[in-house]
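In: Sequence plus the predicted model coming up.
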Amino acid sequence: KATVSVLYWRVRGGNRMGFGLGDAALSACAVYWISKKTGRHTVRLALTVAALMLMRKMRNRAAKRSLQKLGKKSGLKVLIVGTGFSGICAAIKMQEMGIEFVMLERHPNAIGGTWRDNTYPGCECDVKSALYSFSFAQNPNWSRRWAGQAEILEYMKNIVRDYDLEKHIRFGQEVSKLAWNEESKTWTATTNSSEEFIGNFVIAGCGQLRDPAAPPFPHSEYKGTTMHTAQWDHSVSFKGKNVACVGTGASAIQVVPRLAEEAASMTIYQRSPPWMVPKPDAANSWLKKTLFRHFSVLMSLTRAYEFCYGEVFYNIAISTKNPWFSKKVQHIGIKDMKAVIRSGNEGMYDAVLPSYDIGCKRVLLTSEWLQTVQDEKVELVTEKIEKLTATGVKTAATERAHDIIVYATGFKTQNFVFPIEITGENGLSLREAWSSKRGTLEPRAYLGMAVPKFPNFFMLYGPTTNLGSNSIIYMIESQMTQITGVLEMMLSSGKTTASVTENAYDSYIDLAKREINDTVFSKDCGSWYTNAEGVPINNYWGSAFSFYKLCEVVRENCWDFK
């Protein structure tokens, strides 16, 4: 009877409780097997554990309902900037808390952030599909181990539809100003269309990979066709053309193999070679997807395995405290790269082998790049570009003519919330707060989300939250755990504002500076992780789980509630 009761509740709870019919059947099989092997006492223990887990879920659900009632009564309104993964996550969490919100999106009619904007051939995620989704909305139907851009965007659209978020989105509203009003304790968002939106809180989900970076050399003379990988023109045909690609980063290694298939010639201009590891991509079988749909526990276990693998392997590799391990990883990387270089092309070693420590720049996943650069119609140029001429690219040694030039030059990764003009208490601008003594920008934030004197203002995927491995979605969810905790504390205490304290902010920045110095991120390799002064700005220094633990609990002494 106890077995039937527990299984009945698990089946009846269904998707609402995170269990499906397959999980219930799996549980029944497990209970039957345990009873056969160990006797009734172990079965009773298993059922007791299952009942306790069920009770915990029911208690959590009751707490959420209570909080939702409190949120609805509060009359608070949250302004969410952006509809990428950050904005969508923030919206869902506000919805769960019963707090009113509006999502401000600069695009005229589409959600998706960077996955909407980047549509170049071969665009896909370099984090495995099992990890690249919300923990509360895992997708059993990914077609491949590493999902492509179109499939990720479709997943995001499905989430927006399933959670009924579109009615909260205001398209065509690019935020240009955010100003704090001390009297009303509200933020005013002014958009480029001169509309104003007023809310008690702001959650900025602008992201780090948003604004394309122009090439760092004169390029206005060129008369041919140019395009950035984040601004792809699908009307342009590359068939039979002489094509150039500037850059050898994450976008380049994906797009160049596709372009080389069509182009008459392909020239790659490389500033520095990337570290690469093989990418054993494959289609997910029908059986695997079926099992994931009906046995969600298998999907969660796969996700947990991929998460732990990235945590252990990569975070040991990037630490300068374990140089022997990183050297071993580098040796394996060099061995793999040399194995791909064909006989007769040994002179290419120096051009493709990095001279900096692995992990200092983003490690790229590809099983195509080295084969592509060895193609007879592909040329790899390592000379520095001086400028673009009317017909092509001029280096110190020569000038090459090209019909089309592709800029794989990345993003303005340290803009974070800029170019939005953000003004906090006493007219203090965020740009002033982030200016270093030498006049350069040094963006910092407590848990990558909060800055003193900017009450009720939060960022997602802000400074020191980027990862060298694992999923940034996990980091976003971790930040939202802290933000919802702060809001819950405010609602319970009747306070109206929350601002991170100077002490908490300074302590966190000191911690970041100390810890980042023990990683390869602090080394000088010209990566986009550092600012103009060579200070690491973008990356978190430890494991993703350690960041979650920092965000899990709201420390009252770190926040000033009024």
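Out: Perfect, I can see it now. Residues are numbered from 1 along each chain as shown.
In: quick one: average pLDDT of stretch 348-364?
Out: Stretch 348-364 carries an average pLDDT of 89.
In: For it, list every residue counted as buried.
Out: Buried residues in stretch 348-364, defined by neighbour count with 16 or more other Cβ atoms under 10 Å: Met348, Val352, Pro354, Tyr356, Asp357, Ile358, Gly359, Cys360, Lys361, Arg362, Val363, Leu364. Glycine gets a C-beta too; all of them are placed from N, C-alpha and C.
In: did I read that right, the first one in a helix?
Out: Just to be clear, that refers to Met348. Yes: under DSSP: H, G, I helix; E, B strand; the rest coil, Met348 sits within a helix.
In: if we can go back for a sec, of all the buried residues of stretch 348-364, which two lie farthest apart?
Out: Greatest spatial distance among the buried residues of stretch 348-364 (Cβ to Cβ): Met348 and Gly359, at 23.1 Å.
In: close enough to count as contact, Lys453 and Thr423?
Out: No: at 10.2 Å, Lys453 does not count as touching Thr423 under the criterion of Cβ atoms under 8 Å.
In: Tell me which of these two has more neighbours.
Out: Between Lys453 and Thr423, counting by other Cβ atoms under 10 Å, Thr423 is the more crowded of the two (19 against 16).
In: Surely that one touches Glu182?
Out: No: Thr423 is beyond contact range of Glu182, at 10.8 Å (criterion: Cβ under 8 Å).
In: can you map out the helices along the stretch 51-200 of the chain?
Out: Taking DSSP state H, counting those that start in this stretch as the test, the helices found in the stretch 51-200 of the chain are 85-97, 114-117, 149-162.
In: check which helix or strand covers the nearest residue to Thr501 once chain neighbours are set aside.
Out: The shortest distance from Thr501 to any non-neighbouring residue, by Cβ to Cβ, 6 or more residues apart in numbering, is to Asp560 (5.2 Å). Assigned by DSSP states H and E, Asp560 belongs to strand 559-561.
In: Now do that strand: everything it contacts.
Out: Val486, Met489, Met490, Ser493, Lys495, Thr497, Ala498, Ser499, Val500, Thr501, Ala504 (Cβ atoms under 8 Å, 6 or more residues apart in numbering).
In: Adding neighbour count, write the residues you listed out as a markdown table.
Out: Below are the contacts of strand 559-561 laid out as a markdown table (neighbours: other Cβ atoms under 10 Å):
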| residue | neighbour count |
| --- | --- |
| Val486 | 22 |
| Met489 | 15 |
| Met490 | 22 |
| Ser493 | 10 |
| Lys495 | 13 |
| Thr497 | 18 |
| Ala498 | 21 |
| Ser499 | 20 |
| Val500 | 24 |
| Thr501 | 16 |
| Ala504 | 18 |
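In: from those, which two are the most distant?
Out: Farthest pair in the contacts of strand 559-561, by Cβ to Cβ: Ser493 and Ala504, 18.0 Å.
In: so which of the helices of the stretch 51-200 of the chain comes closest to Ala544?
Out: Nearest of those (Cβ to Cβ): helix 85-97, 14.8 Å.
In: Give me the angle between the closest one and helix 149-162.
Out: Between helix 85-97 and helix 149-162, the angle comes out at 20 degrees (axes from the mean of the first three to the mean of the last three Cα atoms, to 10 degrees).
In: Now find how far off-centre helix 85-97 is within its chain.
Out: Using Cα atoms, centre = their mean, to the nearest Å, the mean C-alpha position of helix 85-97 is found 15 Å from that of the whole chain.
In: Need the CA coordinates for that helix. CSV is fine.
Out: The C-alpha atoms that make up helix 85-97 are tabulated as CSV, following Å, rounded to 0.1, in the frame of the first residue of the first chain:
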residue,chain,number,x,y,z
PHE,A,85,18.8,33.6,-21.6
SER,A,86,19.4,36.1,-18.8
GLY,A,87,16.2,38.0,-19.4
ILE,A,88,14.1,34.9,-19.8
CYS,A,89,15.5,33.4,-16.6
ALA,A,90,14.8,36.6,-14.7
ALA,A,91,11.2,36.8,-16.1
ILE,A,92,10.4,33.2,-15.1
LYS,A,93,11.7,33.8,-11.5
MET,A,94,9.7,37.0,-11.2
GLN,A,95,6.6,35.2,-12.5
GLU,A,96,7.1,32.5,-9.8
MET,A,97,7.3,35.2,-7.1
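In: Packing partners of that helix?
Out: Judged by 3 or more Cβ pairs under 8 Å, 6 or more residues apart in numbering; DSSP states H and E, helix 85-97 is in contact with helix 40-74, strand 77-81, strand 100-104, helix 149-162, strand 201-204, helix 472-493.
In: change it to 7 Å
Out: For helix 85-97, the elements it packs on are helix 40-74, strand 77-81, strand 100-104, helix 149-162, helix 472-493, judged by 3 or more Cβ pairs under 7 Å, 6 or more residues apart in numbering; DSSP states H and E.
In: That helix to strand 100-104, inter-axis angle?
Out: On the basis of the same axes, to 10 degrees, helix 85-97 is oriented at 160 degrees to strand 100-104.
In: Residues in contact with helix 85-97: which ones?
Out: 64, 67-68, 71, 78, 80-81, 101, 103, 113, 134, 156, 159-160, 163, 165, 168, 203, 205, 207, 460-461, 473, 476-477, 480, 484, 487 (Cβ atoms under 7 Å, 6 or more residues apart in numbering).
In: got the buried residues for the helix or strand hosting Met299?
Out: Met299 belongs to helix 296-317 when elements are defined using DSSP H and E. Within helix 296-317, the residues that count as buried by 16+ other Cβ under 10 Å are 296, 298-300, 302-303, 306-307, 310-311, 314-315, 317.
In: Could I get the full set of strands for the stretch 301-450 of the chain?
Out: For the stretch 301-450 of the chain, the strands defined by DSSP state E, counting those that start in this stretch cover 364-365, 378-381, 385-388, 392-395, 399-401, 404-407, 421-423.
In: Repeat that for the stretch 451-562 of the chain.
Out: Taking DSSP E, counting those that start in this stretch as the test, the strands found in the stretch 451-562 of the chain are 457-459, 498-500, 559-561.
In: strand partners of the second one, parallel vs antiparallel please.
Out: So that's strand 498-500. Applying DSSP bridges, strand 498-500 is found paired with strand 559-561 (antiparallel).
In: try the first one
Out: Each strand that pairs with strand 457-459, with its direction, by DSSP bridges: strand 201-204 (parallel).
In: Please save the CA atoms from the strand it pairs with in CSV.
Out: Extracted C-alpha coordinates of strand 201-204, given in CSV (Å, rounded to 0.1, in the frame of the first residue of the first chain):
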residue,chain,number,x,y,z
PHE,A,201,13.8,47.2,-9.7
VAL,A,202,16.0,46.7,-12.8
ILE,A,203,17.5,43.4,-13.8
ALA,A,204,19.8,44.0,-16.8
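In: buried set for the helix or strand just after that strand?
Out: Downstream of strand 201-204, the next assigned helix or strand under DSSP H and E is strand 225-228. Under the neighbour-count criterion of 16+ other Cβ under 10 Å, strand 225-228 has Thr226, Met227, His228 buried.
In: Relative to Leu380, how far out is the most centrally placed residue in the chain?
Out: The centroid of the chain falls nearest to Ile472 when counting by Cα atoms, centre = their mean (3.3 Å). The spacing between Ile472 and Leu380, counted by Cβ to Cβ, to the nearest Å, is 30 Å.
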